[in-house]
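Trainee: generate a structure from the sequence data that follows.
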Amino acid sequence: MDKYVIRGGNPLHGDILVSGAKNAAVAIIPAALLCDEECIIENVPNISDVSICLRILYELGAQVDMLKKDTYRISCKGVRSFNVPYESAKQMRASYYFLGALLGKFGKARVSMPGGCPLGDRPIDQHIKAFNALGARHCNDHGMIDLAADKLRGNQIYFDVVTVGATMNAMLAAVKAEGLTIIENAAKEPHIVDLANFLNSMGADIMGAGTDVIKIRGVKYLHSTTYAVIPDQIEAGTFMVAAAATGGDVMVRGVIPKHLEPITKKMKKIGVNIEEFDDAVRVWVDGPLVKTSIKTQPHPGFPTDMQPQMATLLTLAEGTSIVTEGVWEQRFRYVDELRRMGADISVDGKVAVIAGTGKLMGAPVKACDLRAGAALVIAGLAAQGVTEIEDIHHIERGYGDIEEKLRGIGGCIEKVSSPSVRVKKAL
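Mentor: Predicted coordinates for the structure are as follows:
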């Protein structure tokens, strides 16, 4: 069993490079199924969710070649199967993007109910609503979702709630559908725009991505392309918070500062200095941090995927802060772990009250999901003493080479393997 061992208390200094966006890559890779030629995808993050996506493509019959550590050539001309293997699909939430991509390619798809981080009830009813509007029938058979359509036709789709996954799945299914599809109440996150740009680079006709109305005019053919995934705004935000939590001075490179605005505004409000450049942000602290209130919302609001990291930073601030989770249930499960490290946090439903203590102490903790794990890494870097984080497979779903990157700016973190304990059954 692997774990991170962190010796905290050292301010982070130097330059750190951000990888490609996880939430864009896990949709763009399945979208390669829609291409009738080969495509090259650059700036692909080295994370386990991406590895699973690429494995699924290979299992479906695609040719997948690594050209560089972050660059893949994908040809789906040989794909004949529309059935995603159960064992692969159940390991990640984003496996549901294969529903839209395979439906768009074959007019049918079979994928298991998705796995991923346990953040409460995350139904896919809005995905199904979109597929039905385009002419697909569906059924749920022993945990497998089956879709079939005689012909996909463009239609008007209105989402009852703002949903990133369903917006992207609707785009994937509609890009080759006959006629015009109009998606209303669409999500506006940067990775929505990135998926649209990738599809348009292959000849799709998508307008309005990044607004709440997306129009897609179906095309018959998608050609080859070379495309680079956008930088990961959440990884960038995580490094920004780590710099602030340790009282450091870090240049976070390879970013799009516009994508970071919701994070930057809140960090400045609590006393963090941030200077923006064309493709970088400098983050440093030269005074006390102060309390604030945060409520997570769909883009362009404060991102839910940065909530645990910011809550960790607020444990080091002066005064009492209020953090309200407006997107997912069960996003405060990490609080018990931070309490082990000396944090003073109380939770009532979707609201956390954080009394800043100004310090954290190293302790053994467990990552309960991806972003909670990132928060514990930040806490370990800022804490006095040694922190050991178990269940780091959650962290590796979304952060590639994180220990190597953090060591490059002075973080004392290493990944170690400990033998699993076997308990003999009493006779």
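Trainee: which parts of the worst-scoring helix or strand of the chain on mean pLDDT are buried?
Mentor: Ranked by mean pLDDT, DSSP states H and E, the weakest helix or strand in the chain is helix 86-89, scoring a mean of 86. Residues of helix 86-89 classed as buried by neighbour count (16 or more other CB atoms under 10 Å): 86, 88-89. Where you see a C-beta, it was placed from the backbone N, CA and C, and this is true even at glycine.
Trainee: equivalent analysis for stretch 394-406, please.
Mentor: Buried, per 16+ other CB under 10 Å, within stretch 394-406: 394-403, 405-406.
Trainee: nearest to C53 among those?
Mentor: R397 (11.4 Å; CB to CB).
Trainee: ok, the closest one to D150 distance?
Mentor: R397 sits 37 Å away from D150, taking CB to CB, to the nearest Å as the criterion.
Trainee: re earlier: just put the buried residues of stretch 394-406 in JSON lines and tack on pLDDT.
Mentor: What follows is the buried residues of stretch 394-406, written out as JSON lines (pLDDT from 0 to 100):
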{"residue": "H394", "pLDDT": "95"}
{"residue": "I395", "pLDDT": "96"}
{"residue": "E396", "pLDDT": "95"}
{"residue": "R397", "pLDDT": "94"}
{"residue": "G398", "pLDDT": "95"}
{"residue": "Y399", "pLDDT": "97"}
{"residue": "G400", "pLDDT": "94"}
{"residue": "D401", "pLDDT": "95"}
{"residue": "I402", "pLDDT": "97"}
{"residue": "E403", "pLDDT": "96"}
{"residue": "K405", "pLDDT": "98"}
{"residue": "L406", "pLDDT": "98"}
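Trainee: tell me which of those fall in helices.
Mentor: Cross-referencing the buried residues of stretch 394-406 against helices under DSSP state H gives 394-396, 402-403, 405-406.
Trainee: coming back round to it: centre of the chain to the least confident helix or strand of the chain, how far?
Mentor: Relative to its chain's centre, helix 86-89 lies at 19 Å (CA atoms, centre = their mean, to the nearest Å).
Trainee: please apply the same query to stretch 185-197.
Mentor: Per CA atoms, centre = their mean, the centroid offset for stretch 185-197 relative to its chain is 13 Å.
Trainee: ok, now stretch 192-200?
Mentor: 16 Å.
Trainee: please apply the same query to stretch 254-266.
Mentor: With CA atoms, centre = their mean, you get 16 Å for stretch 254-266.
Trainee: mean confidence for it?
Mentor: Stretch 254-266 carries an average pLDDT of 98.
Trainee: and it, end to end?
Mentor: End-to-end distance for stretch 254-266, by CA to CA, to the nearest Å: 21 Å.
Trainee: for stretch 90-106, same thing?
Mentor: Start-to-end, stretch 90-106 (CA to CA) is 22 Å.
Trainee: now do the buried residues in stretch 167-187.
Mentor: Within stretch 167-187, judged by 16+ other CB under 10 Å, the buried ones are 167-178, 181-183, 185-187.
Trainee: how close does R217 sit to E184?
Mentor: 16 Å.
Trainee: with A204 instead?
Mentor: Where E184 is concerned, A204 sits at a distance of 19 Å (CB to CB).
Trainee: okay, now S75: neighbour count?
Mentor: 19 (other CB atoms under 10 Å).
Trainee: nearest residue to it other than its sequence neighbours?
Mentor: E38 (3.9 Å; CB to CB, 6 or more residues apart in numbering).
Trainee: next one: S81
Mentor: L60 (5.0 Å).
Trainee: same check on L199?
Mentor: That would be V175: by CB to CB, 6+ apart, it lies 5.5 Å from L199.
Trainee: can you check M66 too?
Mentor: Per CB to CB, 6+ apart, closest to M66 is Y72, 5.7 Å.
Trainee: nearest spatial neighbour of G356, chain-adjacent residues omitted?
Mentor: A317 (4.3 Å).
Trainee: wait, I meant I256
Mentor: I256 sits nearest to P231 (CB to CB, 6+ apart), 5.8 Å away.
Trainee: on the pLDDT front, check the one you found for me.
Mentor: On the pLDDT scale, P231 gets 98.
Trainee: so that it lines up with my notes, have the first residue be 606 from now on.
Mentor: Okay, residue one is now 606; in that scheme the one you just asked about reads as P836.
Trainee: go ahead and confirm it touches V860.
Mentor: Yes: using CB atoms under 8 Å, P836 is in contact with V860, at 4.9 Å.
Trainee: any regions of the stretch 856-1005 of the chain where pLDDT drops low?
Mentor: In the prediction, the stretch 856-1005 of the chain carries no residues with pLDDT under 70.
Trainee: please, where are all the strands along it?
Mentor: 878-881, 885-889, 898-900, 925-929, 949-953, 956-960, 969-971, 991-995 (DSSP state E, counting those that start in this stretch).
Trainee: out of those strands, which gets nearest to D799?
Mentor: strand 885-889 (19.4 Å).
Trainee: for the closest one, packing partners?
Mentor: Under the contact criterion of 3 or more CB pairs under 8 Å, 6 or more residues apart in numbering; DSSP states H and E, strand 885-889 touches helix 838-850, strand 854-858, strand 878-881.
Trainee: partners of it in the sheet?
Mentor: Strand 885-889 pairs in its sheet with strand 854-858 (antiparallel), strand 878-881 (antiparallel), by DSSP bridges.
Trainee: buried set for the first one?
Mentor: Spelled out, that is strand 854-858. 854-858.
Trainee: widest-spaced pair of those residues?
Mentor: D854 and R858 (13.8 Å).
Trainee: and stretch 966-976, end to end?
Mentor: Stretch 966-976: ends 20 Å apart by CA to CA.
Trainee: quick check, distance from that stretch to the centre of its chain.
Mentor: With CA atoms, centre = their mean, you get 18 Å for stretch 966-976.
Trainee: just the CA trace of stretch 675-689, in PDB.
Mentor: Output in PDB follows, covering the C-alpha atoms of stretch 675-689 (Å, rounded to 0.1, in the frame of the first residue of the first chain):
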ATOM      1  CA  ASP A 675       2.100  13.800 -22.500                       C
ATOM      2  CA  THR A 676       1.300  13.200 -26.200                       C
ATOM      3  CA  TYR A 677      -0.800  10.300 -27.700                       C
ATOM      4  CA  ARG A 678      -1.700   9.300 -31.200                       C
ATOM      5  CA  ILE A 679      -5.100   7.700 -31.400                       C
ATOM      6  CA  SER A 680      -6.700   5.900 -34.300                       C
ATOM      7  CA  CYS A 681     -10.200   4.600 -33.800                       C
ATOM      8  CA  LYS A 682     -10.700   3.300 -37.400                       C
ATOM      9  CA  GLY A 683     -10.600  -0.200 -36.100                       C
ATOM     10  CA  VAL A 684     -13.100   0.100 -33.300                       C
ATOM     11  CA  ARG A 685     -16.100  -2.200 -33.800                       C
ATOM     12  CA  SER A 686     -17.300  -2.700 -30.200                       C
ATOM     13  CA  PHE A 687     -19.700  -0.400 -28.400                       C
ATOM     14  CA  ASN A 688     -19.500  -2.300 -25.100                       C
ATOM     15  CA  VAL A 689     -17.100  -0.700 -22.600                       C
END
